[in-house]
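> What follows is a protein structure lacking sequence information:
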């Protein structure tokens, strides 16, 4: 599939310069069709009966397998969730952090990680990486490790700067468990979980699936307590509520996910072109260059597909103005920045429209 053929599959691109996959990725026509087909199937077969339930579990299995292949894992180590926040809650609830124990994070984490982290009761040590070159991130984060440190919890790609964090190096250097928020990485850059302990996946962002969908990778499921059990957690259940958990990470499935959403995610995962990462990186570099040439301060060192830049005026008002001009970006709350998300579907015309709309 050529770039032109692949781009033509996204209806939204006919109207907008869509630069917002860091929030929601664009939905392709095959993804939309898969959701509609599954919705019709569910209603025709009444959402009940042996055949229908078998189809649901088969669909969940296929999605699990597709997610696992995307991140270099095996399906038995992947739980299906509704979001990366869901995955973070599962890990923090089951990890068993106690008062006085420490978790190291960064100064640019999304609330989806920070809120469950603070609810865990652990002491949080924050490494200020956003004001330093990315090459210094490893040293900066390691400087916050103490004998009380039990866990690293951070994004692979920071949502406000686009910096890529050294998550594998942290695991290698310390041997400590690492929880990775993969909201801005999976589908945007190549991901292989390797020796990482926990990795959350967003289905609706760079993977271009429907919301709410996601996943959680768990390297050693037996060492994480099932603290938020659902019907999908158990393989046998007693009358008093005691249960035998399912094997592997399936015990952490966060509950029912609407089947049209799962069907859409499956279509999105199987339809992504093999050249997507190289193309996305190239378009992000072109976007940075075009914004810099237009006189805008680009607040990123160019390692990932997020391109934050200083807004010409009030960021929230500028985001609204750009939308009215047919360009979709987002403002970063509490900052003076806008953020463009450049995917493999992004065109030179999209970037040119952004620069023109900013000047207008």
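Sure thing, it's come through. None of these values were measured; they are calculated from a predicted model. Numbers count the residues shown, from 1 in each chain.

> Do a quick rundown of the strands in the chain.
For the chain, the strands defined by DSSP state E cover 17-18, 78-81, 102-106, 123-127, 149-155, 178-181, 198-202, 214-218, 234-237, 243-245, 306-310, 327-328, 330-331, 337-341.

> So what's the residue count around residue 317?
If you count neighbours by other C-beta atoms under 10 Å, residue 317 ends up with 11. Heads up, the C-betas are built off the backbone N, CA and C, glycines and all.

> Same check on residue 157?
Around residue 157 there are 26 other residues, counting by other C-beta under 10 Å.

> For it, name its beta-bridge partners.
residue 164 (DSSP bridges).

> these two touch, right, it and residue 191?
No - at 9.9 Å, residue 157 does not count as touching residue 191 under the criterion of C-beta atoms under 8 Å.

> quick revisit: so of the strands of the chain, which one's packed in deepest?
Neighbour counts (mean count of other C-beta atoms under 10 Å) averaged over each of the strands of the chain peak at strand 198-202, with a mean of 31.

> contact partners of that one?
Strand 198-202 is contacted from outside by 67, 70-71, 81, 83-84, 86-88, 91, 156, 177-183, 186, 191, 193, 207, 213-219, 224, using C-beta atoms under 8 Å, 6 or more residues apart in numbering.

> shaky segments in the protein?
Across the chain, the ranges flagged by pLDDT under 70 are 301-302.

> Repeat the analysis, applying 50 as the threshold.
By pLDDT under 50, the chain contains no weakly predicted segment.

> all helices for the stretch 151-300 of the chain, in order.
Assigned helices in the stretch 151-300 of the chain, in chain order: 167-174, 259-271, 276-293 (criterion: DSSP state H, counting those that start in this stretch).

> and the shortest one, what other elements does it pack with?
When contacts are defined as 3 or more C-beta pairs under 8 Å, 6 or more residues apart in numbering; DSSP states H and E, helix 167-174 packs onto helix 137-142, strand 149-155, strand 178-181.

> about what we covered before: where do the contact lists of residue 157 and residue 191 overlap?
Joint contacts of residue 157 and residue 191 (C-beta under 8 Å, 6+ apart) are residue 185.

> what would the strands of the chain look like in TSV with distance to residue 263?
Rendered in TSV, the data for the strands of the chain read as follows (distance: least, C-beta to C-beta, whole Å):
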stretch	distance to residue 263
strand 17-18	22
strand 78-81	13
strand 102-106	35
strand 123-127	39
strand 149-155	28
strand 178-181	26
strand 198-202	17
strand 214-218	15
strand 234-237	25
strand 243-245	27
strand 306-310	28
strand 327-328	25
strand 330-331	27
strand 337-341	25
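
> Hmm, residue 190 is touching residue 277, no?
Yes - between residue 190 and residue 277 a contact is recorded at 5.4 Å, counting by C-beta under 8 Å.

> okay, these two: which has more neighbours?
Taking neighbours as other C-beta under 10 Å, residue 190 and residue 277 compare with residue 277 leading, 17 against 13.

> show me the contacts for the most centrally placed residue in the chain.
The centroid of the chain falls nearest to residue 183 when counting by C-alpha atoms, centre = their mean (1.9 Å). Going by C-beta under 8 Å, 6+ apart, residue 183 touches 84, 110, 112, 155, 159, 200, 202, 205.

> at 10 Å instead, please
Neighbouring residues of residue 183 by C-beta atoms under 10 Å, 6 or more residues apart in numbering: 22-23, 83-85, 87-88, 110, 112-113, 155-157, 159, 200-202, 204-206, 214.

> Please apply the same query to residue 207.
Contact analysis of residue 207 by C-beta under 10 Å, 6+ apart lists 21, 25, 31, 66-67, 70, 186-188, 201, 213-215, 265, 268-269, 272.

> One more pass at 6 Å, please.
By C-beta atoms under 6 Å, 6 or more residues apart in numbering, residue 207 lies in contact with 187, 268.
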